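Undergrad: Fold the stuff below for me.
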Amino acid sequence: MLIKLGELSEIKNGYSFRKKVVAQAGGNVKVLQIKNILECGIIDFSTAVPVSLNNSKRHILKNEDVVITSRGKTLAALFLEPHDGNYIITSSLFRIRVKDPRILPAYLALYLNSDHGQQALMLRQSGNTTPSITIAALSEIPIPIISLQQQQKLVDLMLAYAKWSTQMAEYITLSKSIVTNIVNKALKKGHGKGGGGCRK
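TA: Okay, here's the model as predicted:
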């Protein structure tokens, strides 16, 4: 069964800043931008920018909102409250808040980042230089509805893969560092032998 995204959720624009987002000491909210949405479907909170905003309450993200980029490569990520303040998004992002109990927010983010989801998004983008998508076009994306049990299994599978992938990346980095150190030490010893210079 396919149901349009607009029928399953509420989709809203992020906050529209008139100028470049600049960090403000003691800001009451933190701002997430396109650069904070990683290709793996994870939000990088480390570079969120603190700012002071009045009347920001309606823009504050809630736990399990889905955040999606509106231009360039369209990436979706699940917002899980980091418990260190309130977060909002800029107008270059959309906030999708699931309203239908038949779909898990994590499954929605997973589908939008899948090959099928990406193809559906690209078909509805417009513009040549920097393709973008509107809320109206996003609302028309057909979402396949499977059982909640199946949705959870897919989410668990993707989480397990993400964990394994992270561990492998760390292992590769560590292994490379160890091998590089061994090679450098061996070469350093080699340079230290002999009388130096080239033979005639």
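Undergrad: Quick check: longest helix in this structure by residues?
TA: The longest helix of the chain (DSSP state H) is helix 148-191.
Undergrad: where along the protein do the helices fall?
TA: Counting by DSSP H, the chain has helices at residues 5-8, 105-113, 115-123, 135-139, 148-191.
Undergrad: picking that back up, could you give the angle of the longest helix of the chain to helix 105-113?
TA: Orientation check (axes from the mean of the first three to the mean of the last three Cα atoms, to 10 degrees): helix 148-191 against helix 105-113 gives 60 degrees.
Undergrad: and helix 148-191, what does it pack onto?
TA: helix 105-113 (3 or more Cβ pairs under 8 Å, 6 or more residues apart in numbering; DSSP states H and E). The C-beta positions use only the backbone N, C-alpha and C, and glycine is treated the same way.
Undergrad: Off-centre distance for the helix it packs on?
TA: The chain centroid and the centroid of helix 105-113 are separated by 11 Å, computed with Cα atoms, centre = their mean, to the nearest Å.
Undergrad: just stretch 161-168 next, same as before
TA: With Cα atoms, centre = their mean, you get 16 Å for stretch 161-168.
Undergrad: Same question for stretch 180-189.
TA: With Cα atoms, centre = their mean, you get 39 Å for stretch 180-189.
Undergrad: pLDDT averaged over that stretch, what's the number?
TA: The average pLDDT for stretch 180-189 rounds to 86.
Undergrad: Then stretch 48-68?
TA: Mean per-residue pLDDT for stretch 48-68: 90.
Undergrad: and that stretch, which residues are buried?
TA: 48-51, 53, 59-61, 64-68 (16 or more other Cβ atoms under 10 Å).
Undergrad: re the thing from before, possible to save the helices of the chain as JSON lines with distance to F94 and mean neighbour count?
TA: What follows is the helices of the chain, written out as JSON lines (distance: least, Cβ to Cβ, whole Å; neighbours: other Cβ atoms under 10 Å):
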{"stretch": "helix 5-8", "distance to F94": "10", "mean neighbour count": "18"}
{"stretch": "helix 105-113", "distance to F94": "11", "mean neighbour count": "23"}
{"stretch": "helix 115-123", "distance to F94": "11", "mean neighbour count": "14"}
{"stretch": "helix 135-139", "distance to F94": "6", "mean neighbour count": "16"}
{"stretch": "helix 148-191", "distance to F94": "21", "mean neighbour count": "11"}
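Undergrad: Just give me the lowest mean pLDDT stretch among the ones you listed.
TA: helix 148-191 (a mean of 85).
Undergrad: circling back to that earlier point, now, which of the buried residues of stretch 48-68 lie within strands?
TA: V49, P50, V51, D65, V66, V67, I68 (DSSP state E).
Undergrad: so who does the residue nearest to the last one when sequence neighbours are not counted touch?
TA: Put plainly, it is I68. If the residues on either side of it in the chain are set aside, I68 comes closest to A76, at 4.3 Å by Cβ to Cβ, 6 or more residues apart in numbering. Applying Cβ atoms under 8 Å, 6 or more residues apart in numbering to A76 gives the contacts I37, G41, V66, V67, I68, T69, I96, L108, A109, L112, N113, G117.
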